[in-house]
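1. from the sequence below, what's the structure:
(3 chains)
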Amino acid sequence: MLDKLNPVQCEAVTHGEGPLLVLAGAGSGKTRILTHKIAYLIKEQGISPFEILAITFTNKAAKEMKERVANLVGSVSRAMWVSTFHSTCVRILRQEAERLGYNRNFVIYDAADSLRLVTYCMRDLNIDTKRYPAKKVAGAISNVKNEMIDAEAFATRATTYAETVIADVYKLYQERIYKSNAFDFDDLIMVTVNLFELFPSVLEAYQEKFKYILVDEYQDTNLAQYELVKILAGKHRNLCVVGDDCQAIYGFRGADIRNILEFERDYPDSRVVKLEQNYRSTKTILSAANSVMQNNRARKPKALWTENEAGDLITRYQGENEHEEATFVASEIEGLVKAGRHYKECAVFYRTNAQSRVLEEIFLRYGVPYKIVGGLKFYDRAEIKDVLAYLRVLSNPQDTVSLKRIINVPKRSIGDTSVAKVDAHALKKNIVFSEALKDVDEIGALSAGAKKNIKKFLVLIDELLALKEKETLENLVRAMLDMTGYLTAYEDEGTMEALSRAENVKEFIGVIKEFENTHVESSLDAFLEEVALIADIDNLDDENNAVTMMTVHNAKGLEFNVVFIVGMEDGVFPHIRSMTDTVELEEERRLFYVGITRAMQKLYLCNAWSRNLWGGLNYNSVSRFLHEIPPELTDDAVKVDTQAKPPSQIGAFIIGDNVFHQKFGVGRVVSVKSEEQLTVFFEAEGEKTLLLSYAPLEKR
DNA sequence: GCATGAGTACTTTTT
DNA sequence: GTACTCATGC
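-> This is a model prediction of the structure:
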């Protein structure tokens, strides 16, 4: 097992008891260390998989790690806990949260849910959301939670008026989320630590269970996560953390790079192993990455080197505007594919999700297949959140945020005023919203019609609750859609948008089916949990042959043969909001470093002379980061012929064109698949895929 | 209670 | 360029 490791990797893998810090530079075989270390523990040290806890950054990484360990030691590895911080805590809380007064079928609030709850709280506290935007307050509460400060502690330390406002909201928010039997993302970690502090016997049981703890991407842990690891490893102290301070990019959400820089201080008896040989990139790419990183002051001394060949120079390209930039990327990829590469070897990274739109447009027009990671997630779509809200209410009737979301969806004439009246009643009697609803007859303020509608809604929920007990998940959802008329409401609306929403809901049923087929324990709770903690990146596969587009943040941990980084302009990358503060600028630089080091063979760095931003035209100067790369490492691209028509325009059709078809009538071009093939939406017929050589299409 | 349209504000990264 | 809020009229 150790044969394939270099001496330093070997040292990390065979390190025995006690704390170990592995400083793993980009592409230095970090995952290999972790998987081999786990395998070594099981095979050579006789440690039971039950006694190992491995924490990764994403579910995708967890899944991959499990598979790779299974390849080394076989299926015994299934008993290991390999998951993200959040999933780990949910698993513990499902077991133990009753001690804290939570019900074990608690739900998990995502950022949007908790923002809604903050908004409700602020409204009830009569706080002006103009002066104190709910989003800012929610963000502040999140930050405070990441620092393990609870509502009371925050209230006592609040000094400015704004802080007391936030403290008030925080207190009410926490009361309500508790009454809703829900946790937000930050609670999951903080409450788990609280649990361990409050119940030493519980802590001891988990400390005893997890004799070996491994943490990946340690540079991106926040204080709460740090505390969690520290307390869990407190007894056996067999803690192995792996990370790279140069890749710390989540400071904005509370990650504290000091966790890695000061590991040796926290654990004076720790061993430190540095992995500096890179197996991923060419010498040229690595050299550029090193040069950029030289400009950061806060970092551990480390010099990445590689035995790989020098490879191609880095290609620099400047376009007139973002369209030309995107066109260059698309045509360059086409060229690479013609030369024998595959689409899936290529990735395009950008700083912000908003930049993806132009790329998408151009890629569609050129017929370059692509997939996008991030942006609006499937589970974030309004219609999916609606369906999920129904399921969450059925799982946990106390869930106020979800209940309020669905009480009038589809429209059943229970509007804001009625909800406010029920709310007032709940407040007066100090009961949760769902209980207050049942008191409908006692609420004098409600109109007779409102009372009737609410009762009808309660009957509906009761019927669904009864079905939940005996039906499969899929049938439950189908019954729900049927009884509420949710799908029919969209179908009746008939607009293209409504139909696509209906389509998404149907796709969601497919997701549920899939879940029931692949999971032994396919309960409603289990499903909701998986959905709550899923990240877009988790669904990235390399099965279909398409270019991957994503933000640089999402690219962490991945690698591609060919990488394009677009928008290399001051104000875009580095982002305008991070340009004045040195600490933030250094984080931007690390982000750029992450982007560069994803590339194995070819790297393209692109910018646009002018760019449309926030509705206006901007002329940004070339990114300061580009000046940090020695000129001899780069080569300017031959400027693309801007007059050249993209192939799909030879047939003269582009997205959005209104067209006329002799049989189907007037339609609109939805997508252009190739020179030959395009899809058109017709009022009467829906979407049709047409071959130009056969379909008589005219431009309107 | 609800649909509609005007107006406005907001644009970072996310488990 | 859009996503959300708010006022208006039915």
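
2. please enumerate the strands of the stretch 551-700 of chain A.
-> Counting by DSSP state E, counting those that start in this stretch, the stretch 551-700 of chain A has strands at residues A:560-565, A:599-608, A:611-613, A:616-618, A:634-636, A:658-661, A:665-672, A:677-682, A:686-691, A:697-699.

3. tell me the spacing between the nearest residue to A:Gly243 once chain neighbours are set aside and A:Asn259.
-> Spatial nearest neighbour of A:Gly243, chain neighbours left out: A:Tyr218 (3.5 Å); criterion: CB to CB, 6 or more residues apart in numbering. The way it works is simple: take the backbone N, C-alpha and C, and place the C-beta from them, glycine included. Distance, A:Tyr218 to A:Asn259, by CB to CB, to the nearest Å: 6 Å.

4. who's more crowded, the two?
-> Taking other CB atoms under 10 Å, A:Tyr218 and A:Asn259 do not tie; A:Tyr218 has more neighbours (29 against 24).

5. residues touching that one, list them.
-> By CB atoms under 8 Å, 6 or more residues apart in numbering, A:Tyr218 lies in contact with A:21, A:241-243, A:259-260, A:263.

6. taking chain A, what residue is nearest to DNA strand B?
-> A:Gly415 (2.3 Å; CB to the nearest atom of the strand).

7. what about the nearest residue to that residue once chain neighbours are set aside, neighbour count?
-> Nearest residue to A:Gly415 in three dimensions, chain neighbours excluded: A:Asn408, at 6.4 Å (CB to CB, 6+ apart). Using other CB under 10 Å, A:Asn408 has 16 other residues around it.

8. okay, A:Asn408: pLDDT?
-> You'll see A:Asn408 listed with a pLDDT of 87.

9. that one is in what secondary structure piece?
-> A:Asn408 is part of no helix or strand, with elements assigned from DSSP states H and E.

10. that one against A:Ile414, yeah?
-> Yes: A:Asn408 is within contact range of A:Ile414, at 4.8 Å (criterion: CB atoms under 8 Å).

11. what's the most distant pair in the contacts of A:Tyr218?
-> Using CB to CB, the contacts of A:Tyr218 span at most 12.4 Å, a distance reached by A:Val242 and A:Asn259.

12. circling back to that earlier point, please report phi then psi for the residue nearest to A:Gly243.
-> Dihedral pair for A:Tyr218: phi -60, psi -30, per degrees, to the nearest 10.

13. helix/strand/coil for A:Glu67?
-> Three-state call for A:Glu67 (DSSP: H, G, I helix; E, B strand; the rest coil): helix.

14. for it, list the residues it contacts.
-> By CB under 8 Å, 6+ apart, A:Glu67 lies in contact with nothing.

15. confidence score at it?
-> pLDDT recorded at A:Glu67 is 89.

16. again, but for the one 3 residues further on
-> In the prediction, the pLDDT value recorded for A:Ala70 is 90.

17. could you report the neighbour count for the closest residue to it other than its chain neighbours?
-> Leaving aside its sequence neighbours, A:Ala70 sits nearest to A:Ser77 (CB to CB, 6+ apart; 4.8 Å). Per other CB under 10 Å, the neighbour tally for A:Ser77 reads 22.

18. now do A:Gly485
-> If you count neighbours by other CB under 10 Å, A:Gly485 ends up with 14.

19. pretty sure it is touching A:Pro410, no?
-> Yes: A:Gly485 lies in contact with A:Pro410 (CB under 8 Å); the separation is 5.8 Å.

20. and A:Gln247, what is it in contact with?
-> Contact partners of A:Gln247, counting by CB under 8 Å, 6+ apart, are A:26, A:217, A:219, A:556, A:590, A:593-594.

21. mind picking the two most distant members of these?
-> The distance between the two most remote of the contacts of A:Gln247 (CB to CB) is 14.8 Å, for A:Glu217 and A:Tyr593.

22. the more surrounded of the two?
-> Shown here are A:Glu217 and A:Tyr593; by other CB under 10 Å, A:Glu217 has more neighbours (25 against 22).
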